[in-house]
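Student: Here is the input, now give the coordinates:
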Amino acid sequence: MNVKQLEKLVVSALEDIKGRDIEVINTTKLTSLFDSIVIATGESNRQVRSLARNVEDKVREAGGHVISTEGEDSGEWVLVDLGDIVVHVMQPAIRSYYNLEELWSGKGPERVRKAAATTA
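Tutor: Modelled structure (predicted):
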């Protein structure tokens, strides 16, 4: 399964359990560790865990491999490592606090580079 197929599968699995604000970010130009991250919001500990579990189940059913899952105990932020894709399922307050979209969008380091270039 290629990365685009896996992304579609992950997004579909998140939508099945009513995951909100699903965002897919291409990270190929930022890191060689993985190709993209998928971020979604769940409203409660139970929903966050269910969303992550559904992603794992759908990936395995499609013949994919789940490397690891972290954070299921608390259910505030669950990370599902699929190798080429890392899935973050978070409660709204956690997602807002860590703001992974800004971190991984590539805009942060670019702004720093531009600022450094203008002061030099």
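Student: Quick one: name whatever helix or strand follows the longest helix seen in the chain.
Tutor: Identified as the longest helix of the chain according to DSSP state H is helix 45-61. Sequence-wise, the next helix or strand downstream of helix 45-61 (DSSP states H and E) is strand 68-70.
Student: Tell me which other helices or strands that following strand touches.
Tutor: Contact partners of strand 68-70 among helices and strands, from 3 or more CB pairs under 8 Å, 6 or more residues apart in numbering; DSSP states H and E: strand 77-81. To be clear about C-beta, it is placed using only N, CA and C from the backbone, and glycine gets the same treatment.
Student: So residue 86 lies in a strand, does it not?
Tutor: Yes. With DSSP: H, G, I helix; E, B strand; the rest coil as the criterion, residue 86 is assigned to a strand.
Student: and it, how many neighbours does it have?
Tutor: Other residues lying near residue 86 total 21 when counted by other CB atoms under 10 Å.
Student: which stretches of this structure have low pLDDT?
Tutor: 106-120 (pLDDT under 70).
Student: ok, back up a step: ok and the longest helix of the chain relative to strand 77-81, angle-wise?
Tutor: For helix 45-61 against strand 77-81, the angle between stretch directions is 10 degrees (axes from the mean of the first three to the mean of the last three CA atoms, to 10 degrees).
Student: Counting by contacts, list what helix 45-61 packs against.
Tutor: Helix 45-61 packs on helix 3-16, strand 77-81, strand 85-90, going by 3+ CB pairs under 8 Å, 6+ apart.
Student: Can you point out the buried residues in whichever helix or strand comes after the last one?
Tutor: Pointing back at strand 85-90 there. Of the helices and strands lying after strand 85-90 in sequence (DSSP H and E), the nearest is helix 92-98. Buried residues in helix 92-98, counted by 16 or more other CB atoms under 10 Å: 94-95.
Student: Packing partners of helix 92-98?
Tutor: Using 3+ CB pairs under 8 Å, 6+ apart, the elements in contact with helix 92-98 are strand 36-41.
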